[in-house]
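Asker: Just a sequence and a predicted model for now, questions to come.
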Amino acid sequence: MRNLKRALSLALASVMVMGLMVVGSGASYVDVSSENNVEAIEVLQKVGVMTGDENGKFNPDANVTRNEMAVVMSNLMAYNIKNYANTSHFTDVPEWAEPYVAACYTNGITAGVTATTYGGSENLTTAQAALMVMKALGYFQYQSDFGEDWQMATIREANKIDLYKDVDAGVKEDITRNQLAQLVLNALESGTVEADDDTIKVNADGVTVEAGKVKYNYITSTKDYAKAIKEVRSTSDTSDAGSYVVELGEKLYDGDLTKDRTGDDFGRPSNKWEYQAKEVGTYPDSADHTFTAKVTSKALYNAIGKTAAENYDMNVYFNGEPVDKYGKGDLYKNKADDDSDFVAYADASDDALTANGVVTEVFVDGTDEVVTVAI
């Protein structure tokens, strides 16, 4: 059985190396490859926030204009566009974009470049996109939030919540559809907040004075929907003790959009997304180390380091099935061997599982102190 599995692994290797590393649901576009943010693109397609064109293309490398971003944000926030038709006071917005721009402006998501000009045909920068989605999260509700430089204020706050994770674009650069999809998905996984007015308003003798800096607190809930994407506990030990932080995707979809941490068919740590109880896809993490030849104990030890080899749990999978005989401490004990396959060396009764053409991916989780090896 083991040799049969190894033969299957060798047969699949050429396909794996070519980059077909994501198990999706068929929602991909003809011009989207594993080099793009496939997880983000497919999730946003499924919930109707960003979709492709009539030719089945997503156009991942195309820049996004301010008008187009108004459509994305209106879809994200589920604004009733009919209610905003012919309400915009901007004079430079085309008819197709007018209600979307009006909706975003009315709800404080965007502003014009002048009192009567929106500048919708201009390309959107990463910082501008981040500011709009952060407003959707509840941030930047007061002018004092921006300080002297709105871009620096946006960068600072966005970095705090990992909004730029896997967004490979400079904040002043024009953002592409591929990068915008990732930015919006990051926002769906971010906690929503509300401003604490008491931190900036002082009432004395009937006079209100605004001063200081706004404090934003996470919105929390004890309802099940608040665990649909992330189970993040409130840090408060008073009024909302035991509650969960409400992520934007949980707020918008009321628990219909879910994400589970799981393993894919090869045992790789993955995100599994579902929408309205239907699977969107299963998306593996990016490997920390990848081998396409025999992996010795020494090579694996050198890749993950002493701390992980000695202290972390070690989960090894071969074509998705766990290799139960290999576990915590085995790698550290055998770290000097640079001749045999690391599994075969640990147990002489086992066949070598790694070889030329076999893809071995290694995932190191420092938070949960787990190393996953998927062969």
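Answerer: Arrived safely. These figures come from a predicted structure and were not determined experimentally.
Asker: CA atoms for contacts and neighbours, from now on please.
Answerer: Noted.
Asker: Now the residue nearest the centre of the chain. Its backbone dihedrals?
Answerer: Residue closest to the mean C-alpha point of the chain, counted by Cα atoms, centre = their mean, is residue 186 at 4.3 Å. With angles defined as degrees, to the nearest 10, residue 186 sits at phi -60, psi -40.
Asker: Same check on residue 142?
Answerer: phi -130, psi 150.
Asker: Could you report the neighbour count for it?
Answerer: 12 (other Cα atoms under 10 Å).
Asker: what residues are up against it?
Answerer: residue 214 (Cα atoms under 8 Å, 6 or more residues apart in numbering).
Asker: quick one: it and residue 189, what's the gap?
Answerer: According to Cα to Cα, to the nearest Å, residue 142 and residue 189 sit 24 Å apart.
Asker: so the residue nearest to the centre of the chain touches residue 166, yeah?
Answerer: No: using Cα atoms under 8 Å, residue 186 is not in contact with residue 166; the gap is 9.0 Å.
Asker: what residues do those two have in common as contacts?
Answerer: Common neighbours of residue 186 and residue 166 (Cα under 8 Å, 6+ apart) do not exist.
Asker: Over to residue 355: give its phi and psi.
Answerer: phi -170, psi 170.
Asker: Excluding residues flanking it in the chain, which one is nearest it?
Answerer: Leaving aside its sequence neighbours, residue 355 sits nearest to residue 294 (Cα to Cα, 6 or more residues apart in numbering; 4.0 Å).
Asker: Then residue 63?
Answerer: residue 176 (4.3 Å).
Asker: Can you pull out the low-pLDDT segments for the stretch 51-200 of the chain?
Answerer: 197-200 (pLDDT under 70).
Asker: redo that, cut-off 90
Answerer: 143-144, 147-148, 169-171, 196-200 (pLDDT under 90).
Asker: show me where it has helices.
Answerer: Ranges of helices in the stretch 51-200 of the chain, per DSSP state H, counting those that start in this stretch, are 66-77, 98-106, 126-137, 150-160, 177-188.
Asker: Among those helices, which comes closest to residue 84?
Answerer: Closest approach to residue 84 among those is made by helix 98-106 (5.0 Å; Cα to Cα).
Asker: Which positions within that closest one qualify as buried?
Answerer: 98, 99, 100, 101, 102, 103, 104, 105 (16 or more other Cα atoms under 10 Å).
Asker: next one: stretch 302-313
Answerer: Quick answer for stretch 302-313 (16+ other Cα under 10 Å): 303, 304, 308, 309, 310, 312, 313.
Asker: ok, back up a step: put together a markdown table for the helices of the stretch 51-200 of the chain, with distance to residue 330 on each row.
Answerer: Listed next are the helices of the stretch 51-200 of the chain as a markdown table, based on distance: least, Cα to Cα, whole Å:
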| stretch | distance to residue 330 |
| --- | --- |
| helix 66-77 | 48 |
| helix 98-106 | 57 |
| helix 126-137 | 45 |
| helix 150-160 | 38 |
| helix 177-188 | 37 |
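Asker: Tell me which of those approaches residue 367 most closely.
Answerer: helix 150-160 (17.9 Å).
Asker: could I get the closest one in PDB with only the CA atoms?
Answerer: Output of helix 150-160 as PDB, limited to C-alpha atoms (Å, rounded to 0.1, in the frame of the first residue of the first chain):
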ATOM      1  CA  TRP A 150      -4.200  61.000   6.500                       C
ATOM      2  CA  GLN A 151      -2.000  58.500   4.600                       C
ATOM      3  CA  MET A 152       0.300  58.000   7.600                       C
ATOM      4  CA  ALA A 153      -2.700  57.700   9.900                       C
ATOM      5  CA  THR A 154      -4.200  55.100   7.600                       C
ATOM      6  CA  ILE A 155      -1.000  53.100   7.300                       C
ATOM      7  CA  ARG A 156      -0.500  53.100  11.100                       C
ATOM      8  CA  GLU A 157      -4.000  51.900  11.900                       C
ATOM      9  CA  ALA A 158      -4.200  49.500   9.000                       C
ATOM     10  CA  ASN A 159      -1.000  47.800  10.100                       C
ATOM     11  CA  LYS A 160      -2.400  47.300  13.600                       C
END
